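K.L.:
sequence isn't available, so here's the structure alone:
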C-alpha cells in the first residue's frame, strides 16, 4: 500500500505523545483543498475516507474513490463501492484456522516453485483469538478453569501445535490462547491501539473480523465489522474490502440511564427501535449528550448488538472517555497522548451535538425512558419489559410456533420433572448438521448471527470426565442460570457482576 504520496497536499505533521513530529493524512487539509464538505460528514464515513485517501495508489484505490466518498450524500443513490483497506484483522478460531491453512498451502506452493516461502506473509497485523471452540465441562469449583483448559489442550493438541507453528512462521500473525477471554473482549481491552503507524505515517485503527460481533470495537471509536473468511483473507493480503457506500443513521441519545437499568437493557431497547427503522446494511452512529455521558463499557455493549439490529456498525465517535479507557486498560501514556493528539488534529475529537453532522436519517432515544427488560422469547428484537414478563411468557407458551410462540398445551404449564446431573459422563461427541439458510429464513432469524452461533460451534470429541451428582426439579417457566459470558456483556463489569 502507498503511504508516501501527498495528494491534495494532505500529508501533514502532528505532535506525537513523546513530543516528536509524526505525519498523517489530514482530512481538514482535504476539505481545504475543495474536495468536499468533509467536516459535515458522519465521523464513521470520515474515518473510512482517511483510509481511502491514504491508500490511494491509482490502481486498487483511485482519486475518483476519494472524491466520491468526500462528497457522500445522506440520501443519495447507493451504487458506488468503497475500496476500504483495513489496518488489521481479527480472527476467531473456527474461521481463523482455515485461513492459516491457506497461508501454509501458499508457502508450500511457493517453495515448490523454488522461491523463498517467506515472501508469503500477511501485509497487515493478524490476531487469532481462541474462544469459539472452547468447551465448559467443569463449573462451580475453584479448579474449574484449570480443568477445562487442561481438557481443551488434550482434545485439540494437533490444532494448537499448528497454531504455534503459524506464530513462529509468520511475523505478523499472533495467537491469543484459550482462557484469556472472548475475542471481542480481548480486541477491546488489549489488541486495539486506536492509532497505528507505518514508518512515520500514523492512521486510525480499523479492522474487519471473522465474527459478526466484531462491532463491539465501535464503542471505542474504531471502525470495524464482521466479514466472511474470503474477505478477511483478502484483507490479510493487503487487498481492499469492498462495500456499497452506506446510509448512516444517526441516533440522538439524550438523558441518562436510570438506577436499576443496565447497558444490556439499553442495547435491547435500541435493537427493537432500529429493527423497526430497517437499518440493515447501514452504518449507525450515536451522538448527543446522552452518548457522551455513557461509560465506554456501556457503549461497547450497545455496539456489540449491531448484528442484532441489522446494521453494519453501531459506532460511537472518539472523545475523552476513550482516552480514559485506553489509559485504564494499560496502554502507555505516550500511546494514549498520541491517540488524543491524532484525532484532535484530524478534527474527529468529541461526540457531535445535534445539527453538527448530516445523517441519512435521525432517530431519538431518551435513555431515562429505558426500563429493565429481557430478550425473547426467541429473538433479541422481541424485547419484553421485566414487569410484563410473566404475562408475556404465559401468552407465548400456548401461542403457535408460526406466531413466535412455543405451541405448548396450557395444561403443561406448571408441571415439573425430576432431573439429575453429574457423575461420570462423556461430554461432546456426536454429529451436528449445519443450519441451512432456508431454515433460518423460515423461523425469522438473522442469517449473520443465529446461523453463525450454531454452525461455528460443532460438538467436540468425546472424553471421559466426572462432576458431583446433583438432583432437582425443573419445568416450563423455571428460572435457571445459563452461561453468563455472553459476548455482549463480557467487557462490562457491572452487567457481569449482576449476571453472576
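P.N.:
In hand now; what should we look at? Not measured: the values here are computed from a predicted model.

K.L.:
so what's residue 322 up against?
P.N.:
Residue 322 makes contact with 194, 220-221, 296, 339, according to Cβ atoms under 8 Å, 6 or more residues apart in numbering. Using the backbone N, CA and C atoms, a C-beta is placed for each residue, glycine as well.

K.L.:
which parts of the helix or strand containing it are buried?
P.N.:
According to DSSP states H and E, residue 322 maps onto helix 320-328. For helix 320-328, the neighbour count (16 or more other Cβ atoms under 10 Å) marks 321-323, 325-326 as buried.

K.L.:
can you lay out the contacts of residue 322 as a markdown table showing pLDDT and neighbour count?
P.N.:
As requested, those are arranged in a markdown table below (pLDDT from 0 to 100; neighbours: other Cβ atoms under 10 Å):
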| residue | pLDDT | neighbour count |
| --- | --- | --- |
| 194 | 96 | 22 |
| 220 | 98 | 26 |
| 221 | 98 | 29 |
| 296 | 97 | 23 |
| 339 | 98 | 24 |
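
K.L.:
save the buried residues of helix 320-328 as a markdown table, and put in distance to residue 270 and pLDDT too.
P.N.:
Formatted as a markdown table, these follow (distance: Cβ to Cβ, whole Å; pLDDT from 0 to 100):
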| residue | distance to residue 270 | pLDDT |
| --- | --- | --- |
| 321 | 18 | 98 |
| 322 | 20 | 98 |
| 323 | 25 | 98 |
| 325 | 20 | 97 |
| 326 | 25 | 97 |
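
K.L.:
for the residues you listed, which one is nearest residue 55?
P.N.:
Nearest to residue 55 among these, counting by Cβ to Cβ, is residue 322 at 24.2 Å.

K.L.:
low-confidence stretches in this protein?
P.N.:
1-3, 422-467, 482-487, 499-500 (pLDDT under 70).

K.L.:
would you map out the domains in it?
P.N.:
With domains defined by automatic domain parsing, the chain comprises 7-84, 88-374.

K.L.:
so can I have a markdown table of the buried residues of helix 320-328 showing distance to residue 415?
P.N.:
Listed next are these as a markdown table, based on distance: Cβ to Cβ, whole Å:
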| residue | distance to residue 415 |
| --- | --- |
| 321 | 50 |
| 322 | 52 |
| 323 | 56 |
| 325 | 49 |
| 326 | 53 |
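
K.L.:
residues near residue 158, how many?
P.N.:
Neighbour count of residue 158, defined by other Cβ atoms under 10 Å: 8.

K.L.:
please disregard the earlier target; I meant residue 402.
P.N.:
10.

K.L.:
what's the answer for residue 497, then?
P.N.:
9.

K.L.:
any idea which element it lies in?
P.N.:
Judged by DSSP H and E, residue 497 forms part of helix 493-499.

K.L.:
what helices and strands are in contact with that helix?
P.N.:
The contact analysis (3 or more Cβ pairs under 8 Å, 6 or more residues apart in numbering; DSSP states H and E) places helix 493-499 against helix 263-277, helix 296-304.

K.L.:
so which of the ones you listed is the most packed in?
P.N.:
Across the helices and strands packed on helix 493-499, averaging neighbours per residue (mean count of other Cβ atoms under 10 Å) puts helix 296-304 on top, at a mean of 27.

K.L.:
pull the distance from that one to the chain's centre.
P.N.:
Its chain's average C-alpha position is 10 Å from that of helix 296-304, according to Cα atoms, centre = their mean, to the nearest Å.

K.L.:
next one: stretch 35-43
P.N.:
25 Å.

K.L.:
what's the answer for stretch 215-231, then?
P.N.:
With Cα atoms, centre = their mean as the basis, stretch 215-231 stands 5 Å off its chain's centre.

K.L.:
re earlier: could you give the angle of the very next helix or strand once past the helix holding residue 322 to helix 320-328?
P.N.:
Using DSSP H and E, the helix or strand that follows helix 320-328 in sequence is helix 333-345. With axes from the mean of the first three to the mean of the last three Cα atoms, to 10 degrees defining the directions, helix 333-345 sits at 160 degrees from helix 320-328.

K.L.:
paired strands for the next helix or strand after helix 333-345, with orientation please.
P.N.:
The helix or strand immediately downstream of helix 333-345 is strand 361-366, counting by DSSP H and E. For strand 361-366, the paired strands and their directions (DSSP bridges) are strand 248-254 (parallel).

K.L.:
gap between the partner strand and the chain center?
P.N.:
Relative to where its chain is centred, strand 248-254 has its mean C-alpha point 19 Å off (Cα atoms, centre = their mean).
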